[in-house]
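Colleague: Below are the sequence and a predicted model for it; my questions follow.
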Amino acid sequence: MEIINWLYNFMWGDLIFVPLPGGGTAGLSLLVLILVPVGIYFTVRTKFVLIRHFPGMIRIAMEKQKGSRENGISGLQALIVSTATRVGMGNLVGVVAAVSAGGAGAVFWMWLMALLGSSTAFAEAALAQIYKQKDPLYGGYRGGPAYYIHAFMQGRAKKSGKKRRYSLFAVLFAVSGLICWCGISQVISNSVTSAMENAFHIPPLYTTIVLVAAAAVIVLRKNATVKVLDVMVPVMAGCYLLMTFFVIIRNAGALPGVLQRIFTEAFGLRQAAAGGFGAVLMNGVKRGLFSNEAGSGSAPCAAAAADVDHPAKAGLLQAFGVFIDTIVICSCSAMILLLAPEEKLQGLVGMDLLQAAMQFHFGGFGVTFIALILLLFSFSTFIGILFYARSNVAYLFGDNWMSQTLYKVLALVMLFIGGLAAYTFVWDLGDVGIGLMTIFNMTALLPLSGQALASLKDYEKRQSLR
């Protein structure tokens, strides 16, 4: 536990402090120091891919989907899987925490992180496509950072005449991912049981049993994961979006003031004088980075499975996924909160704060709705991370059903334990896992970035010839 706590503080704690106007400081963590410059690098090199190719991203998502391999998944299905894991508790409680701690201006910095993160997401997804492999167990393809890290390290090893079954950084990435997803499993179930107890007074044991049983039915079947997410993700995201539109329309008169607050407070015109600009900046930056997961190497595990005719298509779809997660879903939570009167929310934090905002907008139904949407968001995240785990388990233990099933059972056990007891240690374990994944992912993502950028250039050339 001491090691995990030290790693957590090293990666997510404030490593250096930058002085700001008004006497305040902004604490920069190691992950921020890695991901923000990398995001800027890919944004410049791709020439703002999210903005330039946004219409194309929608077109790719809407084009007729076809899979050439048995049980293969389409590009749109890969986007749905990655969206299921990106859109989770962080889009609800995490956004509320960022806004309550950093003010409305934190929303702007979340949007900026989405712009930067989408470019990183493009690069890692395109690389996952380039280095994908056939999946003899599930059908279709598999891949992700463990595979392109291995290919990069093997390329270096060939120069020295050595060739190995495993590469150290690829193994470390795969292990970090499996540890991270086990930690997240416990966090998910604990959040769901707490929400159900608060909203409906259902004992945690009952919620946990139902949650684990439903998850087991889905994840222990060979190819049920994608089919379930195909239905669940559009429904839950659509419902949340419709509820937010209703709130915005109903409070249309207050919307200009909210937008003014977001942009005014983003640059600390009010907070700088009080030395609070650092809170605005870093709460938005950290929430944006953590929510969209760009650079962590999670989403490429789904992108590699996509049966698309060009690597850049998978990259563009994952960049679009960052837009959906942060610009759309996170903004929904922010608007629901910011369009509620401040006096109704004073003294509240976390889920209580969001439920109070929903109760103001929708009465008792709002509290029920937010509890159910948290259940759906969290449940889909659990199913999605077990899809991610397939490729990492295969890299570490080979192609066999025994290892695949054992990891699923382990994750279900963690889901059960987390529903009954909350351990701060487990939350830190998930954060440490995703931090380590990011660091190991960068060992190959940056050196191989030229290939991802070349795929974008080739795709653009082909499009111009049509």
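Modeller: Received the coordinates, thanks. Residues are numbered from 1 along each chain as shown.
Colleague: Give the buried residues for stretch 190-198.
Modeller: 190, 191, 192, 193, 194, 195, 196 (16 or more other Cβ atoms under 10 Å). (Each C-beta comes from the backbone N, C-alpha and C, glycine too.)
Colleague: Show me the two of the residues you listed that sit farthest apart.
Modeller: Using Cβ to Cβ, the two most remote members of the buried residues of stretch 190-198 are 190 and 196, lying 11.1 Å apart.
Colleague: which one among the buried residues of stretch 190-198 gets closest to residue 144?
Modeller: Nearest to residue 144 among the buried residues of stretch 190-198 is residue 191, at 26.0 Å by Cβ to Cβ.
Colleague: Now name the helix or strand holding that closest one.
Modeller: With secondary structure defined by DSSP states H and E, residue 191 is part of helix 168-200.
Colleague: Residue 147 - nearest residue in space that isn't next to it in sequence?
Modeller: residue 131 (5.0 Å; Cβ to Cβ, 6 or more residues apart in numbering).
Colleague: Verify the contact between residue 315 and residue 303 for me.
Modeller: Yes: counting by Cβ atoms under 8 Å, residue 315 touches residue 303, with 7.3 Å between them.
Colleague: which residues do those two both contact?
Modeller: Common neighbours of residue 315 and residue 303 are listed as 125, 126, 129 (criterion: Cβ atoms under 8 Å, 6 or more residues apart in numbering).
Colleague: what helix or strand does the second one sit in?
Modeller: Secondary-structure assignment from DSSP H and E places residue 126 in helix 105-130.
Colleague: and that helix, how far out from the chain's middle?
Modeller: 10 Å (Cα atoms, centre = their mean, to the nearest Å).
Colleague: average pLDDT across that helix?
Modeller: What helix 105-130 shows for mean pLDDT is 92.
Colleague: now swap in stretch 240-257 and tell me
Modeller: The average of the pLDDT scores along stretch 240-257 is 91.
Colleague: So for stretch 385-402, what gets flagged as buried?
Modeller: 385, 386, 387, 388, 389, 390, 391, 392, 393, 394, 395, 396.
Colleague: do the same with stretch 226-239
Modeller: 226, 228, 229, 230, 232, 233, 236, 237.
Colleague: Select from the residues you listed every entry located in helices.
Modeller: Mapping those onto helices (DSSP state H) picks out 226, 228, 229, 230, 232, 233, 236, 237.
Colleague: need these in CSV with pLDDT, can you?
Modeller: Converted to CSV, these look like this (pLDDT from 0 to 100):
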residue, pLDDT
226, 84
228, 87
229, 86
230, 86
232, 86
233, 86
236, 88
237, 87
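Colleague: Return the set of buried residues in the helix holding residue 126.
Modeller: Buried-residue list, helix 105-130, by 16+ other Cβ under 10 Å: 105-130.
Colleague: Next: stretch 134-150.
Modeller: 135, 138-150.
Colleague: Please identify which of these is nearest to residue 451.
Modeller: residue 148 (8.9 Å).
Colleague: Find the nearest non-adjacent residue to that closest one, please.
Modeller: residue 131 (4.1 Å).
Colleague: list the contacts for the one you found?
Modeller: Counting by Cβ under 8 Å, 6+ apart, residue 131 touches 143, 147, 148, 151, 304.
Colleague: Would you check which pair of those residues lies furthest apart?
Modeller: Maximum distance among the contacts of residue 131 (Cβ to Cβ): 12.1 Å, for 151 and 304.
Colleague: ok, those two, which is more surrounded?
Modeller: residue 304 (30 against 17; other Cβ atoms under 10 Å).
Colleague: Could you tell me the per-residue confidence at that one?
Modeller: Value for residue 304, per-residue pLDDT: 93.
Colleague: do residue 163 as well
Modeller: Confidence at residue 163, expressed as pLDDT, is 68.
Colleague: What of the one 10 residues further on?
Modeller: Note for residue 173: predicted pLDDT of 95.
Colleague: wait, it sits on residue 146?
Modeller: Yes: at 5.2 Å, residue 173 and residue 146 qualify as touching, with contact defined as Cβ under 8 Å.
Colleague: Now the common contact residues for these two.
Modeller: Counting by Cβ under 8 Å, 6+ apart, the common neighbours of residue 173 and residue 146 are residue 392.
Colleague: State the distance from the residue nearest the centre of the chain to residue 241.
Modeller: Central residue of the chain (Cα atoms, centre = their mean): residue 86, 2.9 Å from the mean position. According to Cβ to Cβ, to the nearest Å, residue 86 stands 15 Å off from residue 241.
Colleague: Please apply the same query to residue 254.
Modeller: 19 Å.
Colleague: in stretch 328-341, what counts as buried?
Modeller: 328-340.
Colleague: Residues contacting that stretch, please?
Modeller: Stretch 328-341 is touched from outside by 87, 91-92, 95-96, 99-100, 104, 107, 110-111, 237, 240-241, 243-244, 247-248, 251, 254-255, 258, 261-262, 287-288, 291, 345, 353-354, 356-358, 360-361, with contacts defined as Cβ under 8 Å, 6+ apart.
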